[in-house]
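K.L.:
Need the 3D shape of this:
(2 chains)
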Amino acid sequence: MSQMSLSLRDVTVKRRGKTILGPVTLDLPTTGFTIVMGPNGAGKTTLLKVMHGVERLTAGDLTWSAPHEIARQSQAYVFQSPVMLRRTVRQNLAYPLTLQAAPKSEIEAKVRDWAARIGLADALDRPAPRLSGGEKQKLALGRALIRNPQVLFLDEPCANLDGRATREIEALLADAHARGTRIIMTTHDLGQARRLATDVLFLLGGAIHDHGKAASFFARPATSEAQAFLKGDIVE
Amino acid sequence: MSEIWAGLQAAFWLIVTLDTDLVEITLRSLQVSLTALVIASAIALPFGTWLAIRRFRHRRTVIAILNALMGLPPVVVGLIVYLLLSRSGPFGVFGLLFTPTAMIIAQVIIITPLIASITHQAMRELWAEYHDLLISLNTTKRQRMATLIWDGRRTLLTASLAGFGRAIGEVGAIMIVGGNIDHATRVLTTAIALETGKGDFALALGLGFVLIALALFVNFTIHALSRTEREGRW
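P.N.:
Predicted structure coming up:
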């Protein structure tokens, strides 16, 4: 179960004088499956990177309820285009654990367990960069979850994946959420958002236009922009 | 054409009869160049990788200087090392001039920028690929460098082999600091220069063929040992 809540106060990110995000003020509780939605360029990825601590703030404050180092070590991030180390599946899964200098026996046991969970038990010695798109994304997810993070960030993890691969990824995410991992994920897929979200953040032009429980967001969006987005209109 | 043929014959007989002089200077060539390669790689591989991942003031200047140093004229390096190691020089007290150690020092100076520059190029690309993941995993700088060096080892092998190629074929600097002394500092390249000067082209060519064979042998051996081709599948 996650023990970390997150608080953002007037967080702003500017690049070359242009505001990409903010000012954003937001509180995220210790549990939940937050889906961040919005059109392209709304600032979804930037918001995720800000929360994860890999994007520099131009202004504002971001505070985890845990000390900075512990908070960073308790998070994992899965990118839209999965980054595969030029190693085998086994070595990719083991990598986060070797960084923590975990005992070999523990690494081997966890690698086998996670390889089975992500359906790559028979591919442990295959070069990871040669996997298919869906397999790579599952491996990236397994590698993120193998350290048992309290908070998991995912940036469009199912973009460009077919239905089967998407279903497998969603099953893994639902399982992780059920085990207590706090999940914050961006997606363009409304169906996926409806299936997974406990709450939804709707971003537009770098600002939060709506934030609420998934059921109420989908039933009664608070803003006309969110309403139009849900109807499938082009929102800019 | 006849001289090339005679050279081939000379090389053949030198190898078949295991000519003692040939064996001695071949082993010395290998000893000097491989030692220089190990030292230069130990400096250049981490430095090139560090340069790829670190952002600091004047970084571009450092890279430009490094690239420029790849074209260091060996004769000038030889001259500078000579002055440093000569009796009146700052390191004259060590008595290293006209020894294999002096030749190794000169070769290290010549090949380190070459290996570091190729390493930097290769690691820059790998770093661009790995950047987000390694930052996200909150890795330390040491862990990032270790990961890049390990995953880029095949490219780094090529960088080292380029350094070895330059070292084993180098003549200007080691002639100056080694002195081409028989049974002491004579290596294949300086022996070839000597035989050419004496007009013994057949022997010079023979030694040249041995040098080429040696360079190829070392390259193939290292490739085979590192299984570059079989595992070059990333």
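
K.L.:
Give me the outermost residue of chain B relative to its centroid.
P.N.:
Most distant from the centre of chain B: B:S136, at 37.0 Å, with distances by Cα atoms, centre = their mean.

K.L.:
would you list every one of the helices in the chain?
P.N.:
Since you didn't name a chain, this refers to chain A. Under the criterion DSSP state H, chain A carries helices at the ranges A:44-52, A:68-73, A:89-99, A:104-117, A:133-145, A:163-178, A:190-196, A:214-219, A:224-231.

K.L.:
was after chain B, sorry
P.N.:
B:2-16, B:20-53, B:59-69, B:74-85, B:100-136, B:141-151, B:153-168, B:172-178, B:188-198, B:201-226, B:228-231.

K.L.:
Deepest-packed of these, please.
P.N.:
Ranked by mean neighbour count under mean count of other Cβ atoms under 10 Å in any protein chain shown, the helices of chain B are led by helix B:172-178, which reaches a mean of 26. All C-beta spots, glycine's among them, are computed from the backbone N, C-alpha and C.

K.L.:
Now tabulate the helices of chain B in CSV and tack on distance to A:D27.
P.N.:
Supplementary listing: these in CSV, determined by distance: least, Cβ to Cβ, whole Å:
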stretch, distance to A:D27
helix B:2-16, 79
helix B:20-53, 35
helix B:59-69, 40
helix B:74-85, 64
helix B:100-136, 23
helix B:141-151, 33
helix B:153-168, 46
helix B:172-178, 67
helix B:188-198, 72
helix B:201-226, 53
helix B:228-231, 50
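
K.L.:
Please convert those to a markdown table, extending it with mean pLDDT and distance to chain A.
P.N.:
Supplementary listing: those in a markdown table, determined by pLDDT from 0 to 100; distance: least, Cβ to the nearest Cβ, whole Å:
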| stretch | mean pLDDT | distance to chain A |
| --- | --- | --- |
| helix B:2-16 | 80 | 40 |
| helix B:20-53 | 94 | 15 |
| helix B:59-69 | 94 | 19 |
| helix B:74-85 | 96 | 35 |
| helix B:100-136 | 96 | 4 |
| helix B:141-151 | 95 | 5 |
| helix B:153-168 | 91 | 9 |
| helix B:172-178 | 95 | 37 |
| helix B:188-198 | 93 | 37 |
| helix B:201-226 | 84 | 14 |
| helix B:228-231 | 52 | 9 |
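
K.L.:
Go through these and name the closest to A:K213.
P.N.:
Of all the helices of chain B, the one in closest proximity to A:K213, counting by Cβ to Cβ, is helix B:100-136 (29.0 Å).

K.L.:
quick one, the closest one and helix B:141-151 angle?
P.N.:
What separates the directions of helix B:100-136 and helix B:141-151 is an angle of 110 degrees, with axes from the mean of the first three to the mean of the last three Cα atoms, to 10 degrees.

K.L.:
Check which helices and strands helix B:100-136 sits against.
P.N.:
Of the remaining helices and strands, those touching helix B:100-136 by 3 or more Cβ pairs under 8 Å, 6 or more residues apart in numbering or on different chains; DSSP states H and E are strand A:75-78, helix B:20-53, helix B:59-69, helix B:74-85, helix B:141-151, helix B:153-168, helix B:172-178.

K.L.:
what residues does chain A put near chain B?
P.N.:
Counting by Cβ under 8 Å from any Cβ of the partner chain, the residues of chain A close to chain B are A:52, A:54, A:72-73, A:76-77, A:79, A:83, A:85-87, A:95-96, A:99, A:127, A:129-130.

K.L.:
How about B:F47: what's its closest non-neighbour residue?
P.N.:
When the adjacent residues along the chain are set aside, B:F47 lies closest to B:A116, with 5.1 Å between them (Cβ to Cβ, 6 or more residues apart in numbering or on different chains).

K.L.:
I figured that neighbour hits B:N67, correct?
P.N.:
No: distance between B:A116 and B:N67: 9.6 Å, which falls outside the contact criterion (Cβ atoms under 8 Å).

K.L.:
Spatially central residue in chain A, please.
P.N.:
Here the mean C-alpha position of chain A is nearest to the C-alpha of A:L154 (Cα atoms, centre = their mean), at a distance of 1.8 Å.

K.L.:
Return the distance of A:D113 relative to chain B.
P.N.:
Applying Cβ to the nearest Cβ, to the nearest Å, the value for A:D113 to chain B is 20 Å.

K.L.:
A:K44 too?
P.N.:
Applying Cβ to the nearest Cβ, the value for A:K44 to chain B is 16 Å.

K.L.:
Can you read off the pLDDT for the spatially closest residue to that residue that is not a sequence neighbour?
P.N.:
Distances taken as Cβ to Cβ, 6+ apart put A:T186 closest to A:K44, at 4.1 Å, once the chain neighbours are dropped. At A:T186 the predicted local confidence, pLDDT, stands at 96.

K.L.:
now for the helices of chain B, which one comes closest to A:P67?
P.N.:
Across the helices of chain B, closest to A:P67 is helix B:100-136 (Cβ to Cβ), at 18.8 Å.

K.L.:
Ignoring the adjacent residues along the chain, who's closest to B:L22?
P.N.:
Spatially, and ignoring its direct neighbours in sequence, B:L22 is nearest to B:L14 (4.7 Å; Cβ to Cβ, 6+ apart).

K.L.:
Run through the residues that contact that neighbour.
P.N.:
Going by Cβ atoms under 8 Å, 6 or more residues apart in numbering or on different chains, B:L14 touches B:22, B:206-207, B:210.

K.L.:
okay, the residues you listed in a markdown table with distance to A:E168 next?
P.N.:
Formatted as a markdown table, the entries for those read as follows, by distance: Cβ to Cβ, whole Å:
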| residue | distance to A:E168 |
| --- | --- |
| B:L22 | 65 |
| B:G206 | 66 |
| B:L207 | 64 |
| B:V210 | 60 |
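
K.L.:
Sweet, I'm off.
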